[in-house]
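Student: quick one, what's the 3D model for this:
(one chain, ligands or ions: 1)
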Amino acid sequence: MRFADRIEQLPPYLFAQISKKVAAKKAQGIDVVSFGIGDPDLPTPEHIVDALCEAAREPANHRYPETEGLPDFRRAVAGWYERRFGVTLDPDSEVLSLIGSKEGIGHVALCFIDPGDVALVPDPSYPVYEIGSMFAGGSAYHLPLLEANGFLPDLDAIPVEVAQRAKLLWLNYPNNPTGAVADLAFFERVVAFAKRHDVAVCHDGPYSEVAYDGYRPVSFLQAAGAKDVGIEFHSLSKSYNMTGWRIGMAAGNARIIDALMRVKSNLDSGASQAVQRMAMAALEGPQDCIAEHNAVYQRRRDRVVDALRTLGLRVTPPQASLYVWAKVPDGMTSAGFAERLLDEAAVIVTPGNGYGPHGEGYVRLSLTLADDRIDEGLRRIAGLPALA
Ligand SMILES: *Cc1c(COP(=O)(O)O)cnc(C)c1O
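Tutor: Below is the predicted model of the structure:
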C-alpha cells in the first residue's frame, strides 16, 4: 500500500496522544483527572432533546437532507444573528448548515487553497485551520499570538509579500486555547487588512456564548464590511452542550457560502434534519440555559485559577471560552510541567505547544469536567509543593 504524503505529514492528533497516556495510567489502576479535552460535561437541555425525539418520528427526516440545510434552520440562524448581534443575514444565500463546525472549517480550505498557496494561521490555535490548508496542498504562515498583544495577531507585522500571497486568514475569538477575546475595533482592522491584500477571512466563533462576569463577546460579522471579505463559523456544540449531535453553521459572504456549499455537496449529504430541528429549538427557544451553564463554568474557572496561582503559576482569568491558559513556572517547559502533573498528581493538562510553537510555556486547562472531578483534581494540585 502506498499512502499519500499528507498521511505521513499529519502530526499525531494532540488529544489522541493524551488519551493514550490516560489509558496507560488507567491500565495501572490509577484514577486520572483530565482537564485535557474541551467537551461540555453538562447534558443537552431537555427542550432541545425533546425536539429531536419529535423530529425522529417524522418520516420526512428519515431521508437525505439538503446540503445547505433546511430553510427553517437557515431562517433560525439568521434570526439568532439578528437578535444576538444585530447582524442581518439572507437565510438563502448567507447561511449554510454544517455537520459540526469542524467539518466546515476543514473543508473551506478546499475553496481557497491550491497547491503551494498560503493561509495565515494564528499560533497557537485549533489545529484544524492549519491541517485543512495542508490537506489542500498549501501551507500555513504562523501569526504569533503573544500575551503582550492580548493574544491578538499583529497584522502589521505580516511581511507585505506574505500578505499579498495569502488567500485566507484564520481567526478565533473568544479564543481556544488562550481564552482571549477580541473587540469590534480589532475586527475592523481585520476587514481593512483583508481588503488591502485581497485575503478571505474565516472567523471561528464557537465560544461567543460562553462568557463570564457579564461580558458579551461580539461577532466578526458585526464589523463594518465583514460580509464583503469573510464568513463566520459557529456551532451549537459549546453554547448548548451539543458536541455529540454534530451541528453548526457558516454565515456571511454569499460567494464563500456558495463555494463551501459546492465543495460539501460533493463530499457529504448535509446535517441530519432531526438534528437541525434540535438546533432550531436551541436557537429559537428559551436562552436561560446559557446563563446557567456559564455560572457553572465561572465558578469552576475561579477555583481553577486560585489553585494554579497557589502552585506558583501566572494566570489571567479568561473573560470567555472554556479554557484557563496558564504560564508555567520559569525554567519549565509546557511538556515538562504537564508530565510532572501527570506523574505526581495523576492530573492531565494540555501542553500549550500542542497548539503551535508559540504555545510553548503555557498549559491549557478545560473547565468541562464534572464538579466532583474538579474538586478531586484541585485537591491533588493543592497537595503538590509550590513549583515557583
Ligand atoms: C470546539 C471547537 C470547534 C468545533 O466545534 P464543532 O463541535 O465541530 O462544532 C471549532 N473551533 C474551535 C476553536 C473549537 O474549540
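Student: pretty sure residue 208 sits in a helix.
Tutor: No. Looking at residue 208 with DSSP: H, G, I helix; E, B strand; the rest coil, it is coil, so not inside a helix.
Student: what about it, distance to residue 84?
Tutor: Counting by Cβ to Cβ, to the nearest Å, the gap from residue 208 to residue 84 is 8 Å. Any C-beta I mention is one placed from the backbone N, CA and C, and that applies to glycine too.
Student: now swap in residue 53 and tell me
Tutor: For residue 53 relative to residue 84 (Cβ to Cβ), the value is 27 Å.
Student: out of those two, which sits in the busier spot?
Tutor: Neighbours per residue (other Cβ atoms under 10 Å) separate residue 53 from residue 84, with residue 84 holding more: 16 against 11.
Student: ok, the more buried one - contacts?
Tutor: Residues in contact with residue 84 (Cβ atoms under 8 Å, 6 or more residues apart in numbering) are 208, 219.
Student: the stretch 251-388 of the chain: helices as residue ranges?
Tutor: For the stretch 251-388 of the chain, applying DSSP state H, counting those that start in this stretch gives helices covering 254-265, 273-284, 288-310, 334-345, 371-382.
Student: return the most buried member of those.
Tutor: Greatest average neighbour count among these goes to helix 273-284 (a mean of 23), per mean count of other Cβ atoms under 10 Å.
Student: and it with helix 288-310, angle?
Tutor: Computed with axes from the mean of the first three to the mean of the last three Cα atoms, to 10 degrees, the direction of helix 273-284 lies at 80 degrees from that of helix 288-310.
Student: near the ligand at all, helix 273-284?
Tutor: No. Helix 273-284 stays clear of the ligand (Cβ under 6 Å from any ligand atom), getting no nearer than 10.9 Å.
Student: just the CA trace of the worst-scoring helix or strand of the chain on mean pLDDT, in CSV.
Tutor: One helix or strand of the chain scores below all others by mean pLDDT, DSSP states H and E: helix 14-27, with a mean of 78. Provided in CSV are the C-alpha atoms of helix 14-27 (Å, rounded to 0.1, in the frame of the first residue of the first chain):
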residue,chain,number,x,y,z
LEU,A,14,-3.0,16.1,20.1
PHE,A,15,-5.8,14.6,22.1
ALA,A,16,-5.1,11.1,20.8
GLN,A,17,-1.7,11.2,22.5
ILE,A,18,-3.3,12.4,25.7
SER,A,19,-5.9,9.6,25.5
LYS,A,20,-3.1,7.1,25.2
LYS,A,21,-1.4,8.4,28.3
VAL,A,22,-4.7,8.3,30.3
ALA,A,23,-5.3,4.7,29.1
ALA,A,24,-1.8,3.7,30.2
LYS,A,25,-2.3,5.2,33.7
LYS,A,26,-5.8,3.6,33.9
ALA,A,27,-4.3,0.2,33.0
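Student: I'd like to check the angle between it and helix 334-345, please.
Tutor: Per the same axes, to 10 degrees, the angle that helix 14-27 makes with helix 334-345 is 20 degrees.
Student: is helix 14-27 up against the ligand anywhere?
Tutor: No. Helix 14-27 does not reach the ligand (Cβ under 6 Å from any ligand atom); its nearest approach is 11.3 Å.
Student: which elements pack onto that helix?
Tutor: Under the contact criterion of 3 or more Cβ pairs under 8 Å, 6 or more residues apart in numbering; DSSP states H and E, helix 14-27 touches strand 347-348, strand 350-351.
Student: I would like the residues contacting the last one, please.
Tutor: If I follow you right, that is strand 350-351. Contacts of strand 350-351 (Cβ under 8 Å, 6+ apart): 14-15, 18, 35-36, 177, 333-335, 337-338, 359, 363-366.
Student: swap in stretch 316-323?
Tutor: 38, 40, 174-181, 207-208, 210-213, 215, 217, 238, 297, 301-302, 305, 324-325, 364-368.
Student: model confidence for residue 208, exactly?
Tutor: Looking at residue 208, its pLDDT stands at 98.
Student: just give me the neighbour total for the residue lying closest to it once chain neighbours are set aside.
Tutor: Distance criterion Cβ to Cβ, 6 or more residues apart in numbering; nearest residue to residue 208, sequence neighbours excluded, is residue 217 at 4.6 Å. Neighbour count for residue 217, taken as other Cβ under 10 Å: 20.
Student: residue 217 contacts residue 172, correct?
Tutor: No. Using Cβ atoms under 8 Å, residue 217 is not in contact with residue 172, being 11.4 Å away.
Student: where do the contact lists of those two overlap?
Tutor: Joint contacts of residue 217 and residue 172 (Cβ under 8 Å, 6+ apart) are residue 205.
Student: any shared contact partners between residue 208 and residue 84?
Tutor: Here residue 208 and residue 84 share the contacting residues residue 219, scored by Cβ under 8 Å, 6+ apart.
Student: residues touching residue 107, list them.
Tutor: Residues in contact with residue 107 (Cβ under 8 Å, 6+ apart) are 132, 260, 263-264, 267.
Student: would you state the strands of this protein in chain order?
Tutor: Applying DSSP state E to the chain gives strands spanning 33-34, 95-98, 118-123, 139-144, 168-172, 200-204, 230-235, 248-252, 314-315, 323-327, 347-348, 350-351, 362-366.
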